[in-house]
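*Asks:* Have a look; sequence and predicted model below, questions after that.
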Amino acid sequence: MSDTAQAQHGFAAPEPQHDATARPLRAWQRRALTKYLTQKPKDFLAVATPGAGKTVFGLRIAAELLSDRTIEAITIVTPTEHLKHQWAISAAAAGIAIDSNFRNTTGVTSSDYQGVAVTYAQIAAHPNLHRVRTENRKTLVILDEIHHAGDAKSWGEAVSEAFTPAVRRLALTGTPFRSDDSPIPFVTYEPDADGSLRSKADHSYGYADALADGVVRPVVFLAYSGEASWRTSAGDEFTARLGEPLTAEQTARAWRTALDPGGEWVPSVLQAADTRLTQLRSAGIPDAGGLVIATDQESARAYAKILTRIAGEPPVVVLSDDPKATKRIGEFSDSEDRWLVAVRMVSEGVDVPRLAVGVYATSASTPLFFAQAIGRFVRSRKQGETASVFLPSVPVLLELASELEAERDHVLGKPHREKDGWDDELLVAANRTEDEPGEEEKAFTSLGASAELDQVIYDGNSFGTAVFSGSDEEQEYLGLPGLLEPDQVRALLRKRQEEQLADAKRRKPQAAEAPAAEAAPKPRSVSERIQSLRKELNTLVGVYHHRTRKPHGAIHSELRRICGGPPTAMATVEQLEERIATLRSW
């Protein structure tokens with residue numbers, strides 16, 4: 001690699017620094033390595049949670065196979081350009097020289113290198129070239145985040161064509177596989193009880209295991225709801241509350257309206273996230289960094305402007321078409337800058353260990369993307385560090401946050417997406433309207449959205465009741481200590497919730513005993529009255545949720561069944577008052 005190329009990608013020449021086989025391994029890596037060296041399989045699938053150390057494990061396997069001459073060359077396949085260079089940096093530190101600037105147009109590399117790093121797209125562009133390279137030397141292929149081989153049928157076919165002649169193949173992934181019927185090359189499937197086929201990992205190390213071992217940080221999710229309003233292309237205006245039971249289209253539009261940088265939701269949540277980042281920096285994590293994951297480049301730039309006003313310094317902005325993206329991410333990782341704003345490219349595999357605060361400001365909803373995104377914040381550096389992730393209070397994200405520890409396999413022949421009704425394509429489609437078949441689709445118009453801290457999710461449990469953005473109650477949650485053991489986080493959240501509920505109880509009798517003349521005046525307009533009743537109803541739903549553990553949506557649905565009427569966003573003053581009275585009677 002030339003000095004110019006090295007400088008461009010921000011890393012030094014791949015000169016061996018020490019023997020990879022001498023590097024200390026974590027317990028799960030030692031177990032998986034022992035299994036691999038004992039079985040000597042041609043194909044091996046290791047599933048390990050993000051932050052657990054899949055790269056170190058893969059390079060250790062490569063070093064062992066090079067050492068005993070099982071292989072002569074290595075091909076590392078990654079989903080992104082950035083990850084190619086990240087693998088090369090790690091390999092150089094382990095004494096393995098990898099060319100991450102290999103190009104299909106050249107087709108060759110220096111004999112000083114022991115292998116190359118390429119993307120799945122490169123393989124799909126010229127599978128025969130890579131097949132010939134694989135045939136010419138005894139090759140180990142490391143397929144990083146192998147689920148990408150199932151992104152498109154052509155990609156899977158290309159990977160199979162190129163690497164069937166490989167001596168060894170090591171497949172790595174850290175997240176749930178996609179739920180589709182495209183088999184992933186070199187992955188073993190076994191019959192399930194219902195007749196479907198389920199992927200079989202040779203070694204698994206989940207988030208729950210890693211959390212127990214102190215390998216990853218615990219994650220506290222702060223879910224923000226709020227009133228969102230939008231106008232359709234037909235001129236109709238709608239208002240809905242994030243987190244309430246709505247149609248998929250209504251939820252998608254409320255969600256995207258909340259993410260609109262022109263409304264109140266984004267600035268309020270970014271302000272809360274920056275406050276949390278300041279707390280972590282002053283309470284044990286002095287170099288803590290934050291990451292905002294945006295849906296698109298336009299939103300990313302707008303979020304960056306808002307953060308500049310809030311934090312007093314401009315964030316680092318990384319866009320997918322930026323040729324200096326890898327260098328920018330590396331510089332941010334090594335600095336003490338507060339914020340990084342990026343589109344989806346930073347959601348998978350990117351290693352910035354000091355990230356401790358995240359804002360999930362994207363409409364992506366698949367379990368795969370969510371797990372990859374949260375994986376950016378869980379890498380543990382010292383005991384007691386916690387991560388905080390701010391996200392919209394929509395059912396699909398709340399469910400994923402509650403099931404962070406769940407392990408998922410790739411299942412063939414089972415329509416998961418039809419079952420849960422959620423995927424990214426649905427959200428995209430819901431943001432369009434079509435007046436007549438064949439007419440041009442027109443986007444709806446966001447009118448604005450407010451923000452409220454709806455609940456805090458930790459270890460699969462929900463804590464707290466709805467509080468206003470900027471309130472003292474919100475500050476109580478944003479001020480959680482930065483260094484806490486998992487059981488201390490749980491105990492502190494439970495204590496805060498009990499105090500919140502006790503305060504609400506104390507306020508209720510006082511309000512009831514107050515003379516009518518001294519009672520607070522009712523809001524003058526119908527709009528103000530409706531807003532006030534909606535907030536009261538949602539607070540009571542939150543209290544009832546914590547007593548019964550029933551989902552918020554289920555409580556709203558039961559109230560509608562008993563009292564009748566439309567969803568809360570469309571309910572009249574009388575209907576809202578009836579639901580509040582019914583809920584109080586429960």
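*Replies:* Sure, I can see it. Numbers count the residues shown, from 1 in each chain.
*Asks:* Excluding chain neighbours, what is closest to residue 375?
*Replies:* Distance criterion C-beta to C-beta, 6 or more residues apart in numbering; nearest residue to residue 375, sequence neighbours excluded, is residue 50 at 2.4 Å. For the C-beta atoms, the positions are set from N, CA and C on the backbone; glycine is no exception.
*Asks:* Would you confirm that the one you found contacts residue 380?
*Replies:* No - distance between residue 50 and residue 380: 11.5 Å, which falls outside the contact criterion (C-beta atoms under 8 Å).
*Asks:* between the two, what contacts are shared?
*Replies:* Between them, residue 50 and residue 380 share these contacting residues under C-beta atoms under 8 Å, 6 or more residues apart in numbering: residue 216.
*Asks:* Between these two, tell me which one has more neighbours.
*Replies:* residue 50 (26 against 20; other C-beta atoms under 10 Å).
*Asks:* So the residue nearest to residue 375: helix, strand or coil?
*Replies:* coil (DSSP: H, G, I helix; E, B strand; the rest coil).
*Asks:* Show me the residue at the heart of this protein, geometrically.
*Replies:* residue 373 (2.7 Å; C-alpha atoms, centre = their mean).
*Asks:* for residue 95, helix, strand, or coil?
*Replies:* coil.
*Asks:* Check the burial of it by counting its neighbours.
*Replies:* 20.
*Asks:* For residue 455, list each beta-bridge partner.
*Replies:* Residue 455 has these beta-bridge partners by DSSP bridges: residue 223.
*Asks:* and the gap between it and residue 396?
*Replies:* 15 Å (C-beta to C-beta, to the nearest Å).
*Asks:* More neighbours: the two, which one.
*Replies:* Higher neighbour count among residue 455 and residue 396: residue 455, with 26 against 22, using other C-beta under 10 Å.
*Asks:* Look up phi and psi at the closest residue to residue 337 other than its chain neighbours.
*Replies:* Nearest non-adjacent residue to residue 337, counting by C-beta to C-beta, 6+ apart: residue 316, 5.8 Å away. When read as degrees, to the nearest 10, the backbone of residue 316 gives phi -80, psi 130.
*Asks:* What's the local residue count around residue 316?
*Replies:* Residue 316 - counted by other C-beta under 10 Å - has 18 other residues nearby.
*Asks:* hang on, it packs against residue 340?
*Replies:* Yes - with contacts counted by C-beta under 8 Å, residue 316 reaches residue 340, the gap being 4.9 Å.
*Asks:* can you give me the strands for the stretch 301-450 of the chain?
*Replies:* 316-318, 339-342, 355-361, 387-392, 411-412, 432-433, 442-443, 445-449 (DSSP state E, counting those that start in this stretch).
*Asks:* ok, of those strands, where does mean pLDDT dip lowest?
*Replies:* Mean pLDDT per stretch puts strand 432-433 lowest among those, at a mean of 36.
*Asks:* Look up how far residue 396 lies from the residue nearest to residue 375.
*Replies:* For residue 50, the distance to residue 396 - C-beta to C-beta - is 20 Å.
*Asks:* Could you do residue 173 as well?
*Replies:* Distance from residue 173 to residue 396, by C-beta to C-beta: 22 Å.
*Asks:* for residue 121, same thing?
*Replies:* Taken as C-beta to C-beta, the span from residue 121 to residue 396 is 28 Å.
*Asks:* Now for the residue nearest to residue 375: which residues touch it?
*Replies:* Contacts of residue 50 by C-beta under 8 Å, 6+ apart are 174-175, 216, 349, 371-372, 374-376, 378-379.
*Asks:* cutoff 10 Å now
*Replies:* Neighbouring residues of residue 50 by C-beta atoms under 10 Å, 6 or more residues apart in numbering: 145, 173-175, 207, 210, 216, 348-351, 371-379.
*Asks:* and if you look at residue 454?
*Replies:* Applying C-beta under 10 Å, 6+ apart, the residues near residue 454 are 222-226, 241-243, 392-393, 398, 462, 464-467, 538, 542, 552.
*Asks:* how close does it get to residue 393?
*Replies:* If you go by C-beta to C-beta, the gap between residue 454 and residue 393 works out to 4 Å.
*Asks:* who touches both of these two?
*Replies:* Counting by C-beta under 10 Å, 6+ apart, the residues touching both residue 454 and residue 393 are 222-226, 241-243, 466, 552.
*Asks:* Restricted to buried residues, select those in PyMOL.
*Replies:* Restricted to buried positions by 16 or more other C-beta atoms under 10 Å, the PyMOL selection for the shared contacts of residue 454 and residue 393 reads:
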select buried, resi 222+223+224+225+226+241+242+243+466+552
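*Asks:* distance of residue 216 from residue 94?
*Replies:* Residue 216 sits 22 Å away from residue 94, going by C-beta to C-beta.
*Asks:* try residue 126
*Replies:* Where residue 94 is concerned, residue 126 sits at a distance of 28 Å (C-beta to C-beta).
*Asks:* if you count what's nearby, which of these two comes out ahead?
*Replies:* Shown here are residue 126 and residue 94; by other C-beta under 10 Å, residue 94 has more neighbours (23 against 16).
*Asks:* Was I right to think the more buried one contacts residue 55?
*Replies:* Yes - the criterion here is C-beta atoms under 10 Å, and residue 94 meets it with residue 55 at 9.2 Å.
*Asks:* who's in contact with the residue nearest to residue 337?
*Replies:* Residue 316 touches 289, 291, 304, 328-329, 331-332, 335, 337-342, counting by C-beta under 10 Å, 6+ apart.
*Asks:* OK, contacts around residue 103?
*Replies:* So residue 103 contacts 109, 116, 118, 122 (C-beta under 10 Å, 6+ apart).
*Asks:* quick one: the strands in the stretch 1-150 of the chain?
*Replies:* Under DSSP E, counting those that start in this stretch, the stretch 1-150 of the chain gives strands at 43-48, 73-78, 98-99, 115-119, 139-144.
*Asks:* Go through those strands and name the closest to residue 482.
*Replies:* strand 43-48 (26.3 Å; C-beta to C-beta).
*Asks:* Alpha carbons of that closest one, in CSV - could you do that?
*Replies:* Output in CSV follows, covering the C-alpha atoms of strand 43-48 (Å, rounded to 0.1, in the frame of the first residue of the first chain):
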residue,chain,number,x,y,z
ASP,A,43,-17.3,-24.0,7.7
PHE,A,44,-17.8,-22.4,11.1
LEU,A,45,-20.5,-19.9,12.1
ALA,A,46,-19.8,-17.8,15.2
VAL,A,47,-22.6,-15.6,16.5
ALA,A,48,-21.4,-13.0,19.1
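*Asks:* pLDDT of it, averaged?
*Replies:* 94.
*Asks:* now do stretch 256-266
*Replies:* pLDDT averaged over stretch 256-266 gives 93.
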